[in-house]
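Asker: Have a look; sequence and predicted model below, questions after that.
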Amino acid sequence: MARFKEPTQEEIENWNKWVSERPESVRKIAERFEPWSLYRLKSTGHRVFLYSFEENGTLTVVVSGKYNKVDFERKVFGIDPDDLKPCELPQEGDPLGAALTAEEARAMIRDLRDKK
């Protein structure tokens, strides 16, 4: 498993404390994942990092152009934790980047809505 950031001892301690104070449904998931590690979404193949834990047992993840070649970066909610597996950082030469910025994607969506 690859870490995109090496946590300090204080960050690890703070994370463990935060996890221990969560409701059971969140704690069970948070104990399985590190916030500074990269995961692969099995269903799509995207490399993702965690954004949030939901009390309904799902996760929200970030699909970033820093770790993937995507049309646009996004946060995806409702992810089943079992759909994630640890993965490595992109290798030298892997295609990366986002074709559209988040603001460009939002502008395109607004334009499409306005044309209806």
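Answerer: Structure's in. What do you need?
Asker: How are the helices of the protein distributed by residue range?
Answerer: Taking DSSP state H as the criterion, the chain contains helices spanning 9-20, 24-30, 102-114.
Asker: pLDDT of the last one, averaged?
Answerer: Helix 102-114 shows an average pLDDT of 86 in the prediction.
Asker: how far does that helix sit from the chain's center?
Answerer: Chain-centre distance of helix 102-114: 23 Å, with C-alpha atoms, centre = their mean, to the nearest Å.
Asker: Tell me what Phe72 is bridged to.
Answerer: Leu100 (DSSP bridges).
Asker: out of the helices of the chain, deepest packed?
Answerer: Highest mean neighbour count among the helices of the chain (mean count of other C-beta atoms under 10 Å): helix 24-30, with a mean of 16. All C-beta spots, glycine's among them, are computed from the backbone N, C-alpha and C.
Asker: for it, packing partners?
Answerer: helix 9-20, strand 47-53 (3 or more C-beta pairs under 8 Å, 6 or more residues apart in numbering; DSSP states H and E).
Asker: Let me have the ones you listed in JSON lines, extended by mean pLDDT and distance to Glu103.
Answerer: Shown next, in JSON lines, are the helices and strands packed on helix 24-30 (pLDDT from 0 to 100; distance: least, C-beta to C-beta, whole Å):
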{"stretch": "helix 9-20", "mean pLDDT": "98", "distance to Glu103": "30"}
{"stretch": "strand 47-53", "mean pLDDT": "97", "distance to Glu103": "19"}
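Asker: quick one: which of those is nearest Arg3?
Answerer: Distance to Arg3, taken as C-beta to C-beta, is lowest for strand 47-53 among the helices and strands packed on helix 24-30, at 10.0 Å.
Asker: Now the closest one: buried residues?
Answerer: By neighbour count on 16 or more other C-beta atoms under 10 Å, the buried set for strand 47-53 is 47-50, 53.
Asker: For the helices of the chain, please prepare a markdown table with the additional fields distance to Ala2.
Answerer: Listed next are those as a markdown table, based on distance: least, C-beta to C-beta, whole Å:
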| stretch | distance to Ala2 |
| --- | --- |
| helix 9-20 | 17 |
| helix 24-30 | 19 |
| helix 102-114 | 24 |
